[in-house]
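Trainee: no sequence for this one, just the structure:
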């Protein structure tokens, strides 16, 4: 038996723009971002009223089965981002530059950012870390493509950070995060992702940054929040980060549905008459004669 959910319906919205995001920050209006990796997920994000959608390189683990984000390629990311684009109208779509697609040179960074825009229809791209990445961000921005930065826990280089661990737990480490955030801001980034940073440190850092900050495991002081769709919907199997709030248990429903289908087929309960196409009785009689001759 299915239950009609009481879903808050969104009124008609205008397409999200980067100036609108800045206005939301200035007005203290929370910004909502989720990840999406395919057309149906993008449609859900659209209908739910999300402001930004990130086609993130976390797709490597959530939908492609890799052990980390590192192996995913530009080709794979472009296929996924293109599918997401087809499901969106109003949210801003951000394509995540995968590991190895921007570090080598400004030319490489610009070329791959352009591919996200031209081939997948993304509105912006995201890259991780400060340092040289700030230089790459500047080159991409100078080429006319908006860039979102990402500091704190940066999954592409998690090995250098000691694994998927909280960052900025000391005063010096938190100050470094602020320094990287400022460098990315000065490079022209329109927004930043703060990942896995103590809430108290985030609260102190936020006033020193002028562009919108989207948090994931960084506490409530950020200008908005982002979660991986598969985590918040309970599709992911196994351990998820402690900062994730699971809003549904979709995997359990998926497993129940497929298991019920398996049982129905094995017991010949499916397909039932209502699942079959009819045939005109005269045509059926003629077919029987043809087969009998």
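Mentor: Looks like it came in fine. Just so you know, these numbers come straight off a predicted model, no measurement behind them.
Trainee: Could you pull out the helices in the stretch 1-150 of the chain for me?
Mentor: 18-27, 39-48, 59-62, 74-86, 106-120, 132-142 (DSSP state H, counting those that start in this stretch).
Trainee: quick one: buried residues of the last one?
Mentor: Within helix 132-142, the residues that count as buried by 16 or more other C-beta atoms under 10 Å are 133-134, 136-141. C-betas here are computed from N, CA, C, even on glycine.
Trainee: Quick one: residues contacting the spatially most central residue of the chain.
Mentor: Using C-alpha atoms, centre = their mean, the residue of the chain that lies closest to the mean C-alpha position is residue 35, 1.5 Å off. If a contact means C-beta atoms under 8 Å, 6 or more residues apart in numbering, then residue 35 has 53-56, 58-59, 62, 226-230 as its contacts.
Trainee: Repeat the analysis, applying 6 Å as the threshold.
Mentor: Counting by C-beta atoms under 6 Å, 6 or more residues apart in numbering, residue 35 touches 54, 56, 228-229.
Trainee: Please apply the same query to residue 176.
Mentor: Counting by C-beta under 6 Å, 6+ apart, residue 176 makes contact with nothing.
Trainee: gap between the helix or strand containing it and the chain center?
Mentor: With secondary structure defined by DSSP states H and E, residue 176 is part of helix 171-186. On the basis of C-alpha atoms, centre = their mean, to the nearest Å, helix 171-186 sits 24 Å off its chain's mean C-alpha point.
Trainee: buried stuff in it?
Mentor: Using 16+ other C-beta under 10 Å as the test for burial, helix 171-186 gives 174, 177-178, 180-185.
Trainee: so can I have JSON lines of those showing pLDDT?
Mentor: What follows is those, written out as JSON lines (pLDDT from 0 to 100):
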{"residue": "174", "pLDDT": "97"}
{"residue": "177", "pLDDT": "96"}
{"residue": "178", "pLDDT": "97"}
{"residue": "180", "pLDDT": "96"}
{"residue": "181", "pLDDT": "97"}
{"residue": "182", "pLDDT": "97"}
{"residue": "183", "pLDDT": "97"}
{"residue": "184", "pLDDT": "97"}
{"residue": "185", "pLDDT": "98"}
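Trainee: picking up where we left off before, name the residues linked to the residue nearest to the centre of the chain by a beta bridge.
Mentor: When bridges are called by DSSP bridges, residue 35 pairs up with residue 54.
Trainee: Identify those among the contacts of residue 35 that sit within strands.
Mentor: Using DSSP state E, residue 54 are the members of the contacts of residue 35 that sit in strands.
Trainee: From the contacts of residue 35, pick the one nearest residue 45.
Mentor: The closest of those to residue 45 turns out to be residue 229 (C-beta to C-beta; 7.4 Å).
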